[in-house]
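A.B. asks: model the following, please.
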Amino acid sequence: MAQPEKLFTLEEANQLLSRVTPILQQLQALQQSILKTNRQLDDEVSKLSAGNGYPLTEIKQQIEQLTKHQLDLIQAFQSALQQLESAGCVLKDLDAGLVDFYTVRNGELVFLCWRLGEERIRFWHRLEEGFAGRQPLEG
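C.D. replies: Numbers count the residues shown, from 1 in each chain. The predicted structure is shown next:
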């Protein structure tokens, strides 16, 4: 495996949490907005196929507005994700709010593991293990 761009000490990763938390919350909110807009687009498209006398001009305008809104949301999502990645974080599960940070522990490349809502990083796991393999940090 190639060496990650950024290795963190526990202290560095914990200091970064104040920056990571709002970005992660923004990503979760954007994801919900994207899903909601997808449902709205599906509803408008289904009106077209239903053919129940819906005014085509209004449906077309609504689809155009929703599509533009969706593209704006996706662009904001990509920007926020880039902020996380450029900080050296590895987003593992957006829904659960899981973020990992590369570190070296006893000579082995591993992840410091943090979940949204935890006040500090208290766990680590090997690269090939996931959340289920979390082990507490000593001290």
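A.B. asks: hey, let's count contacts and neighbours off CA atoms from now on
C.D. replies: Noted.
A.B. asks: need the mean per-residue confidence for the longest helix along the chain.
C.D. replies: If you go by DSSP state H, the chain has its longest helix at helix 10-50. Throughout helix 10-50, pLDDT has a mean value of 95.
A.B. asks: give me the helices and strands touching that helix, please.
C.D. replies: For helix 10-50, the packing partners by 3 or more CA pairs under 8 Å, 6 or more residues apart in numbering; DSSP states H and E come out as helix 56-86.
A.B. asks: following the chain past the helix it packs on, name the next helix or strand.
C.D. replies: Past helix 56-86, further along toward the C-terminus, the next helix or strand under DSSP states H and E is strand 89-93.
A.B. asks: give the pairing partners of that following strand; include direction for each.
C.D. replies: Sheet pairing here is set by DSSP bridges, and for strand 89-93 it gives strand 98-105 (antiparallel).
A.B. asks: by how many degrees do the partner strand and helix 56-86 diverge?
C.D. replies: Put simply, strand 98-105 runs at 20 degrees to helix 56-86, going by axes from the mean of the first three to the mean of the last three CA atoms, to 10 degrees.
A.B. asks: give the next helix or strand downstream of strand 98-105.
C.D. replies: Using DSSP H and E, the helix or strand that directly follows strand 98-105 along the chain is strand 108-115.
A.B. asks: what packs against that next one?
C.D. replies: Judged by 3+ CA pairs under 8 Å, 6+ apart, the packing partners of strand 108-115 are strand 98-105, strand 123-126.
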